[in-house]
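1. sequence and predicted structure, then a few things I'm wondering about:
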Amino acid sequence: MSFLASDGPEHISSVGWLVPTAQYFTDLRTVATLILMTWPEARTHAATSTLAKILDQEAEQQHRAFENVRDTPGAYRRKVSVYIAPSENPTVTAAILEMADRFFSAPDEHEGARYLEPLAIEATYIHRKVGYALRTRHGTSFPLQVALLAHRRGESSRATAEEIITKHGGFRRAPSNSA
């Protein structure tokens, strides 16, 4: 990848906003974790049915491993690491990263939230503390956090996602690919 080359881009589009290139990789890893943790929630977005079946098998193993430590007191790091640790199968890793990158290619945070919100909601049902930690993970971009937490704003907030991101500061809209 030329993203991290010295002549690579300083910013990359993520859910319609330009984020620092290095931060994009944290976003990618976070969403990849959410995809696997909440599988089969994102199953319809797998690039092929063959990849979906491969991810079914991987997710089943990961879900079993998570259940083994789920209710263990004080085992937070082990709980999270079940889903954060990359798969030993490069096809699984490629399929998940491709899907996450496709979600980030959404033209704006609203379209991105269409893909990401179901994952965020399902993660909360699976394990509230782990799901919350992933949605607000240190190092992730603010636009990604807004997209992942869109369902939490509900009707009580009159501010749009764009207003929230703009008010936070430091982010610009990514150029539109339709020009």
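-> Done, it's in.

2. and the helices in this protein?
-> With DSSP state H as the criterion, the chain has helices at 21-38, 49-69, 76-84, 90-104, 109-126, 128-135, 142-148, 150-153, 161-168.

3. deepest-packed of those helices, please.
-> helix 142-148 (a mean of 25; mean count of other C-beta atoms under 10 Å). All C-beta spots, glycine's among them, are computed from the backbone N, C-alpha and C.

4. run the chain-centre distance for that helix.
-> 9 Å (C-alpha atoms, centre = their mean, to the nearest Å).

5. and Asp108, backbone torsions?
-> Here is the backbone geometry of Asp108 (degrees, to the nearest 10): phi -160, psi 180.

6. need the contact list for it.
-> Under the criterion of C-beta atoms under 8 Å, 6 or more residues apart in numbering, the neighbours of Asp108 are Val15, Gly16, Glu162, Arg173.

7. quick one: pLDDT of the last one?
-> What the model reports as pLDDT for Arg173 is 78.

8. under the pLDDT cut-off, which ranges of this structure? List them.
-> Scanning the chain for pLDDT under 70 picks out 1, 70-71, 74-80, 127-137, 150-159, 177-179.

9. any idea which residue sits dead centre in it?
-> The centroid of the chain falls nearest to Val31 when counting by C-alpha atoms, centre = their mean (1.8 Å).

10. Provide a list of residues in contact with the residue lying closest to it once chain neighbours are set aside.
-> Nearest non-adjacent residue to Val31, counting by C-beta to C-beta, 6 or more residues apart in numbering: Ala100, 4.1 Å away. If you count contacts by C-beta under 8 Å, 6+ apart, Ala100 has them with Leu28, Val31, Ala32, Ile35.

11. many thanks, have a good one.
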